[in-house]
Structure formats: structure tokens, C-alpha cells
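Undergrad: could you work out the structure for the sequence below:
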Amino acid sequence: MALITVSDLATYMDISFTNTQEDAVGMVIEGLQSELEAYLRRPIEQGSFTETYRVPEIGRGVVNQQYYYNYPTNPETTLTSPGVIYSPTYTLYLDNSPVVSVASVTITPASASATATTQVAERDYITRKYGLDLFNAYANDLIAVTYTAGLDGANIRVFKTLMLRAATREVQNMHDDTVGLKDLTTRNVAPLETGFSERELQSVKRYRRVRVS
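TA: From the prediction side, this is the model:
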């Protein structure tokens, strides 16, 4: 569902659309929301996502001896404690953020006969705004996550304003082109800028996701 509707735009422009125009305006709105989300690198509305990831070999994306959960002593000391093995967490950066809630997490080990094991929140993983810190994930394991993520766009008014302004420009261009074709004459109307202007995008830059992986 888009952040603004065809009805919102009709009210904003104080006009009415035919059925055919409503279909076209709907495509314009969907395209603009997709463009804005691509710039921000995150959804502007909260939604549910199910994704699968494979843990890489030690290297990119794997946290090595940086975070230890529920072990208050110095890791250098605990690592040498007799008979005790401590594993660093694996930080999984989810495709969508900010993470609002996590419904389920399962890990399937890399071995051929392995089965998926359900992970328990606060014991097997910690939820972060950007993803998860996992305590039982190892190289080549398969992680399946179902979660809710995205910005609360309905309460961030600047998003709706930007989309209404940009949609108005595109619909006006569409109207001028259509009238010009019907009249079979050239209309001396300069085309309005399509999409979002650089200034408009700068106004929401603070909501842009800084990817770390």
C-alpha cells in the first residue's frame, strides 16, 4: 500500500480523475514511493519480510571477538578459562530497517542432514535496529528470518508532502501531454520536473540508511 492514495492527490490538486486517469495516477504514486525508498535505502512504511541468509566464511560481515553476551569479565581472560569456550556473535544486517520486531529466526547448519533450529530471543539472538546479533551462527549456516521493519511514514509528514508535490508535477505533465494530443496542437507549456528534486531529497537525507555491509 502506498503512503498516499489517488484520492489524496485529487484532494491536494482539487481535481477529479477519470477511471483511466486513476489507473495512471496509481502507477505514478507507486513509482515515486519506490524512487524515494531506493534513495533512503529502506521502506517508508512498516511491513513484514521473510528473508534467508547464508553465513559467510570468516571475513566480510563476521564479527570476530568483539561482542560477548552475558560474560562480564574481560574476553581475553574468559577465553583462557579452563574447560570453557566462548564464541563471538555473528552480526546479521537485515535488508530492511529499522527493525521493529522479529517474529521468528531459524538456523540450519551447513551439514547435509541438519534440520532448522528455532532461535530464542534474548538467549540465542539480540534484536538491533539494523539486524540481529546471533550467538549460534557459524560459517555456511542458513538463517531464515521473519520480521517487521520500515519507517513509520504515516507519522513522518514530510514524506507525504514530498510525494504529493512530486505526483502533482507528473500528473500535470501527463494532463498537458494528453490535452496537447487531443488538440493536435503544440502547447507552450514547459514540462515540469519529474521525480524528486535534489533539494527535496536533501530535506529527508537524515532518514537515509547508512549501509555497513
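Undergrad: would you map the helices across this protein?
TA: Here the chain has its helices, by DSSP state H, at 6-13, 19-40, 75-78, 157-183, 198-202.
Undergrad: which residues touch the residue nearest to residue 4 when sequence neighbours are not counted?
TA: Excluding the flanking residues, the one nearest residue 4 by CB to CB, 6 or more residues apart in numbering is residue 163, at 5.0 Å. Every C-beta, even on glycine, is put in place using the N, C-alpha and C of the backbone. Residues near residue 163 by CB atoms under 8 Å, 6 or more residues apart in numbering: 3-4, 29, 32-33, 36.
Undergrad: give me the beta-bridge partners of residue 99?
TA: residue 149 (DSSP bridges).
Undergrad: pLDDT wise, what is the residue nearest in space to the middle of the chain at?
TA: Residue closest to the mean C-alpha point of the chain, counted by CA atoms, centre = their mean, is residue 42 at 2.8 Å. For residue 42, the model assigns a pLDDT of 96.
Undergrad: neighbours of residue 170, how many?
TA: Burial of residue 170 is recorded as 21 neighbouring residues (other CB atoms under 10 Å).
Undergrad: who's in contact with it?
TA: Residue 170 touches 28, 32, 192, 194-195, counting by CB under 8 Å, 6+ apart.
Undergrad: farthest-apart pair in those, please.
TA: 32 and 192 (13.6 Å; CB to CB).
Undergrad: these two - which one has more neighbours?
TA: Each of residue 32 and residue 192 has its neighbours counted (other CB under 10 Å); residue 32 has more, 24 against 13.
Undergrad: closest one to residue 95 among the helices of the chain?
TA: Checked against CB to CB, the stretch from these lying closest is helix 19-40, at 11.9 Å.
Undergrad: tell me the buried residues in that closest one?
TA: 21, 24-25, 28-29, 31-33, 35-37, 39-40 (16 or more other CB atoms under 10 Å).
Undergrad: quick check: angle from it to helix 6-13?
TA: 90 degrees (axes from the mean of the first three to the mean of the last three CA atoms, to 10 degrees).
Undergrad: may I have helix 19-40 exported as CSV, CA atoms only?
TA: Listed next in CSV are the C-alpha coordinates belonging to helix 19-40 (Å, rounded to 0.1, in the frame of the first residue of the first chain):
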residue,chain,number,x,y,z
ASN,A,19,-11.1,5.8,-14.2
THR,A,20,-8.3,5.6,-16.8
GLN,A,21,-6.6,8.6,-15.1
GLU,A,22,-6.9,7.0,-11.7
ASP,A,23,-5.0,3.9,-13.0
ALA,A,24,-2.3,6.1,-14.4
VAL,A,25,-2.0,8.2,-11.2
GLY,A,26,-1.8,5.0,-9.2
MET,A,27,1.3,3.9,-11.2
VAL,A,28,2.8,7.4,-10.7
ILE,A,29,2.4,7.1,-7.0
GLU,A,30,3.8,3.6,-6.8
GLY,A,31,6.8,4.7,-8.8
LEU,A,32,7.5,7.8,-6.7
GLN,A,33,7.4,5.7,-3.5
SER,A,34,9.7,3.2,-5.0
GLU,A,35,12.1,6.0,-6.0
LEU,A,36,12.0,7.6,-2.5
GLU,A,37,12.6,4.2,-0.8
ALA,A,38,15.6,3.5,-3.2
TYR,A,39,17.1,6.8,-2.2
LEU,A,40,16.6,6.2,1.5
